[in-house]
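Q: Sequence plus the predicted model coming up.
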Amino acid sequence: MSVASVWLHDVVLDTDRYVATVSPLAKNPAIQDAALRHVRRAVEIHRSGRDMTADIASWLRRHRLPPKAAHAAERLVAKLDPAVDQAVTAVAADVVRGDQFPAVWVGANRAAHSAVVRVLTGKGHGSVEVDGDTVTLDVGAALAKVKRKLRNAGLSSAKAVPDVDRRMVLFHSAQLGRARAAARLLDLAGTWLPALTALLGTSGVLLAHGRRRALARAALGTAATSLALAVGLAVARRYCLDHLPPRVLPGAAAAAVYDTLLRVPRATLRTVGVLGLFVALGAYLAGPGRLPRAARRSADGAAEAAARWSAARGLRTGRAGTWAAGHRRALAGGALLPTAVAFGAWNHPTALTVLFLALVLLAALAVIALLAATGRVTRSGAGRPP
């Protein structure tokens, strides 16, 4: 629930992050094909062959060509419709697959972001709108460019294309009403639910009889929940793609939209899952079990050997090592605190962020262990030259 609320708050309700999320769709071939199909449908030049040939004949007469050429053009009624269709397709493809379409796509999504928020709350207006169980996007900007190119190409009949909103279906589901209700609740919970979850989890660990064991169980539960949610997203993706009619949106385009919009929640689930595993592993290695004790003895033995080796060569840490040997537990706890603060202050951490901070923490604990070992060697007098 916290992951979903954070996604709605940080991605859907943040214009810059929303635009950054959907921008790659403009260069996706499946999305371009779907947009091309909708733009062609939007143009729909329905004029009789007589009108088309009249345009051509008028052009020939204006350029003072022989009258026979104009009369011959007027007899080409049956062959003009396929030619016009090819011309419209070429112009539309030039717009959708050209360098201008990403700017049109980004501009439309940025301008419609407030409408997206209203859609999730059940009040859709503007470029993005809710019509029953369907969410649509207005492709009027692309349509306007196609009409302008057609007119510039000399096809005056393009002026007859009506200036109506032609909408591209983005999502269709019978559960859209429930989704909007859930989105409203998650929107309200987006600011305080994650903090409340962290507070309850921390309080439960601190008040537990065995804090280390409670921490390990909470971390494992978090990792398991993240895995279950990730599996649920995969199942939902398969279900939506299997039940989405091709006439609404082609399968490849629907998959691109689904994967792009849910990219951030998937990354968040991976981050939370990896974090839970690392925390659970750390709590386990700090416990009294046989394997954790053996691992700690091996680490201490390696640090002790390194300390003796350095002391035998006159390399000592002096009072710092002695102090570290007496305050090793406090130093370890002090290393944990800035690591946790760094993770909390990190701007949208990922699984790689967790791995990096874990390596930094291990390096800090290794330095503390080495300092403590040098302090013990100094106190025992071992390693001194005869």
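A: Here it is on my side, so go on.
Q: Tell me the spacing between residue 169 and residue 101.
A: Note on residue 169: its distance to residue 101, by Cβ to Cβ, to the nearest Å, is 18 Å. For every residue, glycine as well, the C-beta is placed using N, CA and C.
Q: neighbours around residue 187, how many?
A: By other Cβ atoms under 10 Å, the residues close to residue 187 number 17.
Q: With residue 230 instead?
A: 16.
Q: my read: it touches residue 270, true?
A: Yes. The pair residue 230 / residue 270 is scored as a contact, 7.4 Å apart, by Cβ atoms under 8 Å.
Q: ok, residue 169 and residue 101, which is more surrounded?
A: Between residue 169 and residue 101, residue 101 has the larger neighbour count (other Cβ under 10 Å), namely 22 against 19.
Q: Could I get the contacting residues of the closest residue to residue 285 other than its chain neighbours?
A: Once flanking residues are discounted, residue 285 sits nearest to residue 292: 4.8 Å by Cβ to Cβ, 6 or more residues apart in numbering. Contact analysis of residue 292 by Cβ atoms under 8 Å, 6 or more residues apart in numbering lists 284-286.
Q: same question, residue 36
A: 89, 92-93, 96-97.
Q: Dump these into JSON lines; add neighbour count and pLDDT as well.
A: Below are these laid out as JSON lines (neighbours: other Cβ atoms under 10 Å; pLDDT from 0 to 100):
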{"residue": "89", "neighbour count": "14", "pLDDT": "73"}
{"residue": "92", "neighbour count": "25", "pLDDT": "74"}
{"residue": "93", "neighbour count": "16", "pLDDT": "79"}
{"residue": "96", "neighbour count": "26", "pLDDT": "79"}
{"residue": "97", "neighbour count": "15", "pLDDT": "80"}
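Q: quick one: least confident helix or strand in this structure?
A: helix 67-74 (a mean of 61; mean pLDDT, DSSP states H and E).
Q: elements contacting the lengthiest helix in the chain?
A: Criterion DSSP state H: the longest helix present in the chain is helix 211-243. Judged by 3 or more Cβ pairs under 8 Å, 6 or more residues apart in numbering; DSSP states H and E, the packing partners of helix 211-243 are helix 193-207, helix 251-261, helix 263-285.
Q: Go through those and name the closest to residue 243.
A: helix 251-261 (10.3 Å; Cβ to Cβ).
Q: Go through that closest one and flag the buried ones.
A: 253-258, 260-261 (16 or more other Cβ atoms under 10 Å).
Q: Counting neighbours, which of the contacts of residue 292 comes out on top?
A: Most neighbours among the contacts of residue 292, by other Cβ under 10 Å: residue 284, with 18 neighbours.
Q: Relative to residue 227, how far out is that residue?
A: Using Cβ to Cβ, we find residue 284 at a distance of 18 Å from residue 227.
Q: Can you tell me the element residue 324 falls in?
A: For residue 324, the host element (DSSP states H and E) is helix 319-326.
Q: Need the residues that contact that helix.
A: 307, 317, 331, 368, 371-379.
Q: Where does confidence bottom out across those residues?
A: In terms of pLDDT, the weakest of the contacts of helix 319-326 is residue 379, which scores 70.
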